[in-house]
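Asker: Here is a sequence together with a model predicted from it:
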Amino acid sequence: MKMKLNPPSRAEAVRLMSENPNLIRRPLTISGERLVVGFVRGQLEGLLED
């Protein structure tokens, strides 16, 4: 969908994700004020170290 070149508005992004759940990167990991989107090993390990 070439969204990196032409990102949708927030409202349009929410609409697109509700219609196409595969657009949502998983997992969503929240630790306090920190959020890691997708499986990013280094960032997830960083949550454990804090």
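Answerer: Arrived safely. Bear in mind that the values here come from a model prediction, so they are computed numbers and not experimental data.
Asker: Any chance you could spot the residue sitting in the middle of the chain?
Answerer: The residue lying closest to the centre of the chain (Cα atoms, centre = their mean) is Val37, at 3.9 Å.
Asker: Skipping its backbone neighbours, what lies nearest that residue in space?
Answerer: Arg25 (5.0 Å; Cβ to Cβ, 6 or more residues apart in numbering). Every residue, glycine included, has its C-beta placed from N, CA and C.
Asker: Which pLDDT value goes with that neighbour?
Answerer: pLDDT for Arg25: 78.
Asker: mind listing the helices for this structure?
Answerer: Using DSSP state H, the helices of the chain run over 10-19, 41-49.
Asker: Show me what the last one packs onto, helices and strands only.
Answerer: Contacting helix 41-49 under the criterion 3 or more Cβ pairs under 8 Å, 6 or more residues apart in numbering; DSSP states H and E are the following elements: strand 28-31, strand 34-37.
Asker: Of all the ones you listed, which one is nearest Arg10?
Answerer: strand 34-37 (15.2 Å; Cβ to Cβ).
Asker: hang on, the earlier thing: rebuild the helices and strands packed on helix 41-49 as TSV, extending it with distance to Glu19 and mean pLDDT.
Answerer: Converted to TSV, the helices and strands packed on helix 41-49 look like this (distance: least, Cβ to Cβ, whole Å; pLDDT from 0 to 100):
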stretch	distance to Glu19	mean pLDDT
strand 28-31	19	87
strand 34-37	19	87
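Asker: hey, which of these is tucked in deepest?
Answerer: Comparing the helices and strands packed on helix 41-49 on average neighbours per residue, with mean count of other Cβ atoms under 10 Å, the densest one is strand 34-37 at a mean of 13.
Asker: May I have that strand exported as PDB, CA atoms only?
Answerer: Presented in PDB, the C-alpha positions along strand 34-37 are these (Å, rounded to 0.1, in the frame of the first residue of the first chain):
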ATOM      1  CA  ARG A  34       7.300   2.000  27.100                       C
ATOM      2  CA  LEU A  35       5.800   0.300  24.100                       C
ATOM      3  CA  VAL A  36       7.400  -2.100  21.700                       C
ATOM      4  CA  VAL A  37       5.600  -2.800  18.400                       C
END
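Asker: Lovely, talk soon.
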